[in-house]
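Visitor: coords below, sequence missing:
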């Protein structure tokens with residue numbers, strides 16, 4: 001993720017334009033009615049029209065001795081005219097349901113836009129002789145990718161030549177997302193790769209939302225696209241050192257990247273050479289280049305002789321991974337392979353090294369493991385330094401080690417033996433996002449630090465001198481003049497300092513400061529005891545002035561899949577709820593990221609229900625400890641997080657008052673039973689293979705679609721879907737909503753709505769201002785579902 005993409009989702013701060021206490025008038029018009037008071041949710045206005053009722057086509061499904069009805073399976077034919085009509089009817093019903101929130105939505109959108117600076121940009125990053133950067137023009141939705149020559153590093157001959165070409169210091173626009181969006185109505189740029197000579201830009205473009213990315217190559221000397229026939233389903237890219245050869249991967253019809261090809265600039269696509277094909281459907285293939293550009297890693301390809309063939313790193317072992325970087329004749333290898341000294345499977349990653357010619361031998365030298373309570377997550381490499389990403393008891397850390405590493409004959413060292421410099425960071429930092437850091441010769445490492453109470457902080461760590469400098473912090477604007485009773489000045493009371501000190505690991509650190517809002521917003525980290533005694537990290541965010549113990553509404557967010565860490569970075573849009581007394585909590589449930597790989601493993605496959613119990617335990621904790629009102633807890637789940645929340649709603653419908661399920665994976669059992677669907681076979685490792693009876697029966701116990709409770713009350717739910725979503729079929733949301741309405745309380749189910757983006761994909765529109773409208777819609781739904789009166 002680029003620096004700019006983080007700035008897009010994390011905007012600046014301004015006071016809300018509404019007072020903290022406000023009322024949505026629930027008085028009924030001729031177009032709305034109210035729920036019966038016998039429903040647990042209490043009165044809530046709903047349209048006078050009934051929700052759409054799709055047709056049912058009787059179908060009995062049988063597997064492993066179990067049979068069940070699936071009358072809405074016909075929806076999987078997304079080209080069925082009746083299905084399109086049904087989705088449009090659902091959109092009309094959702095519009096009618098949300099009609100009485102229009103004023104609130106407009107107010108929230110105005111607040112969010114007012115917090116945005118007129119122009120968003122990233123600091124420049126040096127790569128070779130160029131300075132690269134991105135910015136969003138004023139009033140535009142999407143970024144522009146630019147560069148200019150770094151004049152300070154040019155000699156007098158280069159400067160004279162640049163003057164002669166009338167290009168000295170001139171900005172060059174490499175790629176304008178807005179132009180693509182205006183032409184196609186949608187834009188999603190996947191990968192961007194600058195050639196080693198900086199003359200070409202290769203990138204992948206999705207103009208429909210289907211993630212069928214097309215390869216584009218632009219000649220930066222004349223600004224024109226290189227003529228070539230279209231190549232679709234391209235996933236990853238890597239340049240060879242001759243700057244004319246480009247490697248790329250192509251996905252099959254199930255979106256599994258399975259082939260590596262090589263193209264020469266100026267040649268016809270038909271001449272592209274097939275380098276490698278992955279025939280095992282349970283694996284996918286990726287390519288990248290080492291930081292110094294000397295090797296392409298898919299197996300290993302010599303980037304100076306790109307057609308010389310592949311060299312295997314190691315024999316394939318299920319669950320074992322290898323990540324390679326190259327440094328002056330040595331491969332540095334991050335791996336979780338069993339160590340020679342202990343052939344049992346390793347729980348976490350460690351760092352090994354070997355000479356280039358010994359990559360296939362058994363002479364790798366294990367440099368170090370991370371140690372007790374610490375896991376090694378990732379690495380990056382430069383001319384003079386190795387950068388390591390670590391996690392200690394759920395807290396991210398980073399350090400640099402001087403290269404080359406002088407390793408003696410010890411079989412394995414401790415990290416302390418390598419004289420690491422641990423990057424100074426705020427104690428409350430929840431996320432670390434590296435910058436592009438493309439220049440192998442650079443000695444400064446750029447990161448973005450962020451937390452729920454700290455606006456994004458861009459920091460350069462100068463590894464040679466072991467000092468750091470704050471490049472930029474996200475702009476914090478003043479209060480609006482019409483804030484009225486909630487005119488908090490948002491003064492940055494808590495200013496954190498790094499003390500200058502001299503020691504063996506911290507040389508001459510200049511006094512630095514960063515700003516956060518911890519005096520205005522409280523961010524607490526709690527450990528919640530789950531059903532089996534395991535401690536689950538829960539991050540709780542609320543306003544110290546607006547929050548009221550035992551009375552505030554709240555949102556609980558979770559994901560819990562693929563080992564991904566839940567995003568808890570700064571987001572100014574949340575202030576619209578926090579300043580109105582809401583609590584926002586983040587549950588790092590099992591199945592997601594957190595510490596070593598065991599956290600992921602303990603929440604996947606036959607242990608998936610652990611993550612569901614974890615999110616429920618966190619919800620109960622918020623209520624039992626007075627953070628949230630007993631009847632005003634809501635939940636948000638996105639994609640696989642929708643599976644998490646959907647299963648929790650079925651198990652404990654009384655725990656939640658409302659929920660938002662965004663492009664949710666709800667029909668997991670039926671989807672995994674169909675290996676022809678995109679990504680299904682790859683998902684067997686994460687969720688299980690229902691062709692195996694024991695795994696089928698486990699999935700059947702928690703699958704959200706199969707376990708909707710019969711006849712009882714159900715929370716108010718907003719379900720969003722995208723018609724062109726190739727990861728989670730649009731029919732999953734439509735089927736689930738239809739079954740909820742068919743199975744649960746006829747009054748409650750009228751507050752379950754489905755909103756489908758008929759043109760977008762899994763990741764939505766993504767534009768700067770469009771995001772404000774989407775978030776305002778979701779917040780307004782929660783306010784209405786909670787029955788909160790807004791004055």
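Guide: Noted; the coordinates are in hand. All of these numbers come straight from a predicted model, not from anything done at the bench.

Visitor: gap between the residue nearest the centre of the chain and residue 425?
Guide: For the chain, the residue nearest the mean C-alpha position is residue 567 (6.9 Å; C-alpha atoms, centre = their mean). The gap separating residue 567 from residue 425 is 17 Å, by C-beta to C-beta, to the nearest Å. Just so you know, the C-beta spots here come from the backbone N, C-alpha and C atoms, and that holds for glycine as well.

Visitor: and for residue 579?
Guide: On the measure of C-beta to C-beta, residue 579 and residue 425 end up 28 Å apart.

Visitor: on that earlier part again, can you read off the pLDDT for the residue nearest to the centre of the chain?
Guide: Looking at residue 567, its pLDDT is 92.

Visitor: report the contact partners of it.
Guide: residue 431 (C-beta atoms under 8 Å, 6 or more residues apart in numbering).

Visitor: again with residue 283
Guide: residue 316.

Visitor: could you do residue 779 as well?
Guide: Contacts were defined as C-beta under 8 Å, 6+ apart; by that measure residue 779 touches 108, 576-577.

Visitor: among these, which one lies nearest to residue 65?
Guide: Of all the contacts of residue 779, residue 577 has the smallest distance to residue 65: 47.9 Å, by C-beta to C-beta.

Visitor: and the pLDDT at the closest one?
Guide: 96.

Visitor: for the one 5 residues further on, same thing?
Guide: Confidence per residue is given as pLDDT, and for residue 582 that number is 98.

Visitor: equivalent analysis for residue 330, please.
Guide: According to the prediction, residue 330 has pLDDT 93.

Visitor: quick check: it vs residue 189, distance?
Guide: For residue 330 relative to residue 189 (C-beta to C-beta), the value is 34 Å.

Visitor: and the helix or strand residue 738 falls within, what does it pack onto?
Guide: Take DSSP states H and E as the rule and residue 738 turns out to sit in helix 730-743. Contact partners of helix 730-743 among helices and strands, from 3 or more C-beta pairs under 8 Å, 6 or more residues apart in numbering; DSSP states H and E: helix 81-97, strand 716-722, strand 752-757.

Visitor: to residue 257, which of those lies closest?
Guide: Closest to residue 257 of these is strand 716-722 (C-beta to C-beta; 21.7 Å).

Visitor: what lines up beside that closest one in the sheet?
Guide: strand 658-662 (parallel), strand 752-757 (parallel) (DSSP bridges).

Visitor: now do the helices in this structure.
Guide: For the chain, the helices defined by DSSP state H cover 3-9, 81-97, 102-114, 156-164, 177-184, 575-578, 597-601, 609-624, 640-651, 668-672, 680-687, 693-702, 730-743, 768-785.

Visitor: could you say which of those helices is packed most deeply?
Guide: Neighbour counts (mean count of other C-beta atoms under 10 Å) averaged over each of the helices of the chain peak at helix 640-651, with a mean of 26.

Visitor: which strands and helices sit next to that one?
Guide: Using 3+ C-beta pairs under 8 Å, 6+ apart: helix 640-651 touches strand 554-558, helix 609-624, strand 633-638, strand 658-662, helix 693-702.

Visitor: low-confidence stretches in the stretch 101-250 of the chain?
Guide: For the stretch 101-250 of the chain, residues meeting the criterion pLDDT under 70 lie at 152-169.

Visitor: all strands of it, in order?
Guide: For the stretch 101-250 of the chain, the strands defined by DSSP state E, counting those that start in this stretch occupy 120-121, 125-127, 130-136, 144-149, 172-176, 188-194, 200-206, 214-219, 224-225, 234-239, 245-251.

Visitor: next one: the stretch 401-550 of the chain
Guide: 421-422, 431-434, 444-451, 454-462, 467-473, 494-498, 512-516, 521-529, 535-543.

Visitor: ok, back up a step: export the helices and strands packed on helix 640-651 to CSV and tack on distance to residue 78 and mean pLDDT?
Guide: Formatted as CSV, the helices and strands packed on helix 640-651 follow (distance: least, C-beta to C-beta, whole Å; pLDDT from 0 to 100):
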stretch, distance to residue 78, mean pLDDT
strand 554-558, 29, 98
helix 609-624, 29, 98
strand 633-638, 21, 98
strand 658-662, 19, 98
helix 693-702, 24, 98
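
Visitor: buried residues in stretch 364-374?
Guide: Applying a neighbour-count criterion of 16 or more other C-beta atoms under 10 Å, one finds 364-370, 374 buried in stretch 364-374.

Visitor: strands - which of those land there?
Guide: Mapping these onto strands (DSSP state E) picks out 365-369, 374.

Visitor: coming back round to it: so which of the helices and strands packed on helix 730-743 is nearest residue 522?
Guide: Closest approach to residue 522 among the helices and strands packed on helix 730-743 (C-beta to C-beta): strand 716-722, 27.6 Å.

Visitor: among the strands of the stretch 101-250 of the chain, which is nearest residue 65?
Guide: Among these, the nearest to residue 65 by C-beta to C-beta is strand 245-251 (35.7 Å).

Visitor: now do stretch 755-766, average pLDDT.
Guide: 86.

Visitor: what's in contact with the helix holding residue 738?
Guide: By C-beta under 8 Å, 6+ apart, helix 730-743 touches 51, 53-54, 72-73, 75-76, 78, 83, 86-87, 90, 646, 661, 663-667, 671, 704-705, 708-711, 714, 717, 719-723, 749-750, 752-754, 756.
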